[in-house]
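J.: Here is a sequence together with a model predicted from it:
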Amino acid sequence: MTAGIVAAPAATAAPSAPAALNYAVLAAGMPAITQETAERAIDEARAAGALSAETVRPDGSQVYTITAGSMSFDLGVRSERSRLGAGNDKNGVYVDFNEYDQGVILSGAGSGLAAAACLLGPAVCAIASVVIVLAGTAIGGNLKCGHKVMRVHATGRPAPYCV
């Protein structure tokens, strides 16, 4: 009886690129997020004491920071004089996730973040649920923004990207 060690070259197959995801299809199965929903979300967050900051940008748009538990996200609303205000552009309402929030989503705690946001009201819940699913899908698909903000449109179009 003989024994031996067989040496083989290390596998060198290149990792396959993740399949392109259709974020619009993913978002289509979720509630529609309109400008009216975004404004209701801001009112609900303000009433719940979860509106932690309000900023007016040079173009007249306003950015509201909503904090629910350990999560905070920025929700922008365009002004009447601004066509391209932060938070609502030609693709609809979007939410920006900072580096910390991306890490929380990456850790798998996105559903907990959505649940915390849902305590603030149905409009905040609808927006948070949609964008957290989309952000989680993007992060799981290897979108890494590092120190940049991840922008996620509630419509799923365009796919989440770093700003």
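T.: Received it, and whenever you're ready, just let me know what you need.

J.: Contacts made by stretch 68-76 with the rest, please.
T.: Taking Cβ atoms under 8 Å, 6 or more residues apart in numbering as the criterion, the residues outside stretch 68-76 that touch it are 38, 41-42, 50, 52, 61-66, 85-88, 93-98, 101, 104, 112-113, 116-117, 119-120, 124, 127-128, 131, 149. To be clear about C-beta, it is placed using only N, CA and C from the backbone, and glycine gets the same treatment.

J.: Buried only: go through those residues for me.
T.: Of all those considered here, the ones buried according to neighbour count by 16 or more other Cβ atoms under 10 Å are 38, 41-42, 50, 61-66, 85-88, 93-98, 101, 104, 112-113, 116-117, 120, 124, 127-128, 131, 149.

J.: about what we covered before: just checking, which of the contacts of stretch 68-76 belong to helices?
T.: Assignment to helices by DSSP state H places the following of those there: 38, 41-42, 101, 104, 112-113, 116-117, 124, 127-128, 131.

J.: Could you dump the residues you listed into a markdown table and include distance to residue 144 and pLDDT?
T.: Conversion of the ones in helices among the contacts of stretch 68-76 to a markdown table gives the following (distance: Cβ to Cβ, whole Å; pLDDT from 0 to 100):
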| residue | distance to residue 144 | pLDDT |
| --- | --- | --- |
| 38 | 27 | 80 |
| 41 | 27 | 85 |
| 42 | 29 | 86 |
| 101 | 14 | 77 |
| 104 | 14 | 78 |
| 112 | 21 | 77 |
| 113 | 19 | 75 |
| 116 | 24 | 77 |
| 117 | 23 | 78 |
| 124 | 27 | 81 |
| 127 | 23 | 81 |
| 128 | 22 | 81 |
| 131 | 18 | 83 |
